[in-house]
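Student: What would the 3D arrangement of this be:
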Amino acid sequence: MNDSNFTFKGQRSDERVFNVVRRHPIVFFWPLLEATLALAVAIIVLIYFDFGNLFYIVGGLAILFIFAVIAKVWFIYSNSFCLITNQRVINVDQRNFFDRRITETEYAKIQDVTNTTTGMLGTSLNFGEIVIQTAGKENKLTIKYIPDPYQVQQEITKNI
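Tutor: Predicted structure coming up:
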């Protein structure tokens with residue numbers, strides 16, 4: 001997603017955003033599968049044992065649980081991204097509601113950029129991770145679950 005109009009807090013006056021890279025939508029798969037299986041088990045058990053009104057209470061709670069899982073995954077997905085600007089690479093990793101890690105590195109400090117696509121799912125859906133080796137104190141910047149990691153690697157390498 002090329003977005004030269006994207007702005008962010010801490011953006012330098014002469015800094016332009018070349019690319020905003022979000023995680024691959026595959027990050028929704030496991031949490032949604034777990035929530036759906038939890039709901040299915042709850043419904044099957046309650047129908048099989050016929051608990052009457054308890055069925056509606058537990059079913060309602062299970063549906064609320066699924067919506068909570070979806071809201072959490074959507075929040076993390078929409079707040080995790082990598083910015084490629086004309087001066088640096090910034091990775092915003094939203095890990096939980098109250099846990100965010102922002103890592104940035106200047107192009108001058110980048111020593112190596114590697115992309116990795118592993119597994120049948122990663123290869124067929126073309127998602128993986130990028131590891132940026134730097135000369136700073138934090139010598140490794142890892143960006144996970146990004147679509148088309150080779151293209152992103154080439155864009156970063158082009159700007160070095």
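Student: can we go C-alpha only for contacts and neighbour counts from here?
Tutor: OK.
Student: by contact count, what packs against the helix or strand bottoming out on mean pLDDT in the chain?
Tutor: Using mean pLDDT, DSSP states H and E, the weakest-scoring helix or strand in the chain turns out to be helix 29-49, at a mean of 78. Applying 3 or more Cα pairs under 8 Å, 6 or more residues apart in numbering; DSSP states H and E, one finds that helix 29-49 makes contact with helix 53-78.
Student: how distant is the least confident helix or strand of the chain from the center of its chain?
Tutor: Here helix 29-49 is found 25 Å from its chain centre; the criterion is Cα atoms, centre = their mean, to the nearest Å.
Student: Could you pull out the buried residues of that helix?
Tutor: For helix 29-49, a neighbour-count test (16 or more other Cα atoms under 10 Å) marks 32, 35, 36, 39, 42, 43, 46 as buried.
Student: now the residues you listed as TSV including distance to residue 148?
Tutor: Below are the buried residues of helix 29-49 laid out as TSV (distance: Cα to Cα, whole Å):
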residue	distance to residue 148
32	23
35	28
36	29
39	34
42	38
43	39
46	44
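Student: hang on, the earlier thing: which residues are contacting the least confident helix or strand of the chain?
Tutor: 55, 58, 59, 62, 63, 65, 66, 69, 70, 73 (Cα atoms under 8 Å, 6 or more residues apart in numbering).
Student: Ok, stretch 113-123 next?
Tutor: 126-133, 149-150, 153, 156-157.
Student: If we ignore the residues flanking it in sequence, what's nearest the residue most central in space within the chain?
Tutor: The structure's the chain has its C-alpha centroid closest to residue 23; by Cα atoms, centre = their mean the separation is 3.9 Å. Closest residue to residue 23 apart from its sequence neighbours, by Cα to Cα, 6 or more residues apart in numbering: residue 146 at 4.6 Å.
Student: tell me which element that neighbour is part of?
Tutor: strand 140-147 (DSSP states H and E).
Student: State the mean pLDDT of that strand.
Tutor: Per-residue pLDDT over strand 140-147 has a mean of 88.
Student: Sweet, I'm off.
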